[in-house]
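Novice: Okay, sequence plus prediction incoming.
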Amino acid sequence: MEALIKQAAKDLAACKEAVALTGAGISVESNIPPFRGKGGIWEKFDPMEYAHIDAFMNDPAKVWNTLLKDMKEVMDRAEPNPGHLGLARLEALGKLKTVITQNVDGLHQLAGNTDVIEFHGNFAWHYCLLCKTRLKTGDVDISRIPPRCACGGIFRPEVVFFGEMIPTQALWRSRQAASKCDLMLVVGTSAVVQPAALMPVIAKQAGAKVIEINPEITPLTGSISDYLIQGNAGETLSAILAELDALL
C-alpha cells in the first residue's frame with residue numbers, strides 16, 4: 001500500500017488537470033450512513049416507498065417523518081473529514097479542478113472545493129413547493145411535519161428523488177470534465193450506480209490515468225482503474241498529500 005501511495009503522489013505531481021468522482025464511502029467518516037450496501041439506509045427502508053417523488057408528493061408527512069427528519073439531523077451535525085479536506089487541498093495546490101459527487105451532503109463545498117457537480121442534488125438546501133423560496137437545511141423548522149414555508153407551501157430537499165431525472169447540466173458537465181482530465185481519482189464509490197460509474201470509463205478512454213481509493217474492489221478494479229489503493233478515504237488521501245507535498 002505504501003508503494004501505491006507514493007505512486008499516486010507521483011501521478012498527481014505530474015498531472016495537469018485532475019477530476020475526482022466521489023461516493024458514499026468518503027462521507028461515512030463524517031458519520032453519514034450510505035444508502036446502499038451493508039448498513040445502508042435502503043436495508044431499513046424501501047426506497048420506492050420513502051424516496052420516490054410520487055411517495056413524497058402523495059404523503060410528504062410520511063416521508064418526512066420516516067426518512068427526511070432523521071437525514072436532516074444527521075446532515076446538520078456533519079462536518080468535512082480528512083477525505084473532503086484532502087480533495088480541497090488538491091484544488092488549492094492547482095491539481096484538482098472538479099469534484100463529481102453522488103453524495104447529497106454538501107461537505108465538499110464546506111471543505112473548500114469550488115467546482116462540485118452533484119449528480120443527485122443536495123440536502124444542504126430546501127425549497128418551498130409553492131413559492132420556490134430556498135432555505136439552508138439548518139434553517140428549516142421541523143417542529144411540525146411536514147415543514148412549511150411562510151406562504152403555507154411544503155419544503156422539500158434539493159435532492160434528486162427516485163423517479164426524477166438527474167440534472168441535464170450535471171450529466172453534461174461531468175462528461176466534459178471526465179473527457180478533459182488527465183487523471184481521475186475515484187474515491188469511496190462502489191462504481192455500480194449509473195451514470196456516475198460511466199465517468200471513469202470516459203476518462204480512461206480519453207487517455208487519463210484512473211486511481212481508485214476504496215476499501216474493497218469494484219467493477220472498475222483491474223479493468224478501468226490503473227490501480228486500487230485499498231483503504232479509507234481520509235487516511236489514504238492524507239498519506240498521499242504528505243507524499244505530494246514533498247514532491248512539489
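Specialist: Happy to help now that I have it.

Novice: alpha carbons only for contacts and neighbour counts from here, please
Specialist: Fine.

Novice: So which residues of the chain form helices?
Specialist: Ranges of helices within the chain are 2-14, 47-50, 53-58, 60-63, 69-77, 82-92, 107-111, 168-180, 199-205, 233-247, based on DSSP state H.

Novice: Now the weakest link among those, please, by mean pLDDT.
Specialist: Sorting these by mean pLDDT places helix 47-50 lowest, at a mean of 75.

Novice: hmm, who's touching it?
Specialist: In this structure, residues lying in contact with helix 47-50 by C-alpha atoms under 8 Å, 6 or more residues apart in numbering are Ala55, Phe56, Lys62, Val63, Thr66, Leu67, Phe162.

Novice: List buried residues within those.
Specialist: Neighbour counting by 16 or more other C-alpha atoms under 10 Å classes Ala55, Phe56, Lys62, Val63, Leu67, Phe162 among the contacts of helix 47-50 as buried.

Novice: nearest residue to Glu17 other than its sequence neighbours?
Specialist: Spatial nearest neighbour of Glu17, chain neighbours left out: Cys181 (5.2 Å); criterion: C-alpha to C-alpha, 6 or more residues apart in numbering.

Novice: which strand is the longest one in the protein?
Specialist: Longest strand in the chain by number of residues (criterion: DSSP state E): strand 121-128.

Novice: so can I have JSON lines of the helices of the chain showing distance to Thr22?
Specialist: Formatted as JSON lines, the helices of the chain follow (distance: least, C-alpha to C-alpha, whole Å):
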{"stretch": "helix 2-14", "distance to Thr22": "17"}
{"stretch": "helix 47-50", "distance to Thr22": "21"}
{"stretch": "helix 53-58", "distance to Thr22": "24"}
{"stretch": "helix 60-63", "distance to Thr22": "26"}
{"stretch": "helix 69-77", "distance to Thr22": "17"}
{"stretch": "helix 82-92", "distance to Thr22": "10"}
{"stretch": "helix 107-111", "distance to Thr22": "10"}
{"stretch": "helix 168-180", "distance to Thr22": "12"}
{"stretch": "helix 199-205", "distance to Thr22": "11"}
{"stretch": "helix 233-247", "distance to Thr22": "10"}
